[in-house]
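In: Structure here, sequence nowhere to be found:
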């Protein structure tokens, strides 16, 4: 069942953070809180992916375990965890976002991602369609920013880039529209957390 979100006004300004959350951690919350503040959002929804088609199933915890880790990590009343992708049966981000926009027609969405994703989004299925569906906010990530800002996607949509100083209205911009936001780095890493867990098991 799709987890419904309570409406308190005609529409909400919602940031969408999708991913495996394998596991969810404080870094995800850090980005979400920055998005709420910098993008003037009402909520951020974490869409936990049953299986990212670009990631191996090796070391991938079960969906229920990852969903539970997200519920534990989302320690804020305006950061909500959703099983939308599992319920709709979509596998690719473009399909998920299309269904999301159609389901919540009165709300306004913005896609949240790290610079690492912008650097390789041109490998995603229908990646150009994502830019045509909703604004995108790209957050700094150590080691990826230069690659992200010189990537195929950044070059193709160079004229659609919105200045960081105007990011509070990014969700209202006509698409395509994207912005690169510099925020304080967070040390948390799902890869490091999994490695630490494996060491503890030995």
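Out: All right, it came through fine. Remember, predicted model here, so these are calculated numbers, not experimental data.
In: Below-threshold pLDDT in this structure: ranges please.
Out: For the chain, residues meeting the criterion pLDDT under 70 lie at 1-9, 186-202.
In: And residue 24, which helix or strand is it part of?
Out: Element membership of residue 24 [criterion: DSSP states H and E] is none; it lies in no helix or strand.
In: actually residue 98, not the one I typed
Out: Assigned by DSSP H and E, residue 98 falls in helix 93-103.
In: same for that helix, what does it pack against?
Out: Secondary-structure packing of helix 93-103 (3 or more C-beta pairs under 8 Å, 6 or more residues apart in numbering; DSSP states H and E): strand 13-19, helix 84-88, strand 108-114, helix 127-133. The C-beta positions use only the backbone N, C-alpha and C, and glycine is treated the same way.
In: Export the ones you listed as CSV, with columns for distance to residue 42.
Out: Shown next, in CSV, are the helices and strands packed on helix 93-103 (distance: least, C-beta to C-beta, whole Å):
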stretch, distance to residue 42
strand 13-19, 5
helix 84-88, 17
strand 108-114, 9
helix 127-133, 19
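In: Please enumerate the helices of the protein.
Out: 26-38, 63-73, 84-88, 93-103, 115-120, 127-133, 145-149, 152-156, 190-201 (DSSP state H).
In: For the helices and strands packed on helix 93-103, give me JSON lines that also has distance to residue 171 and mean neighbour count.
Out: Formatted as JSON lines, the helices and strands packed on helix 93-103 follow (distance: least, C-beta to C-beta, whole Å; neighbours: other C-beta atoms under 10 Å):
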{"stretch": "strand 13-19", "distance to residue 171": "5", "mean neighbour count": "23"}
{"stretch": "helix 84-88", "distance to residue 171": "19", "mean neighbour count": "18"}
{"stretch": "strand 108-114", "distance to residue 171": "4", "mean neighbour count": "21"}
{"stretch": "helix 127-133", "distance to residue 171": "13", "mean neighbour count": "17"}
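In: on that earlier part again, right, so the helices of the chain: which one is the most enclosed?
Out: helix 115-120 (a mean of 21; mean count of other C-beta atoms under 10 Å).
In: Please name every helix or strand in contact with that helix.
Out: Other elements packing on helix 115-120 under the criterion 3+ C-beta pairs under 8 Å, 6+ apart are strand 136-139, helix 145-149.
In: residues in contact with it?
Out: With contacts defined as C-beta atoms under 8 Å, 6 or more residues apart in numbering, helix 115-120 is touched by 136, 138-141, 144-145, 147-149, 151, 153-154, 180.
In: ok, so of the residues you listed, who is nearest residue 33?
Out: residue 139 (11.4 Å; C-beta to C-beta).
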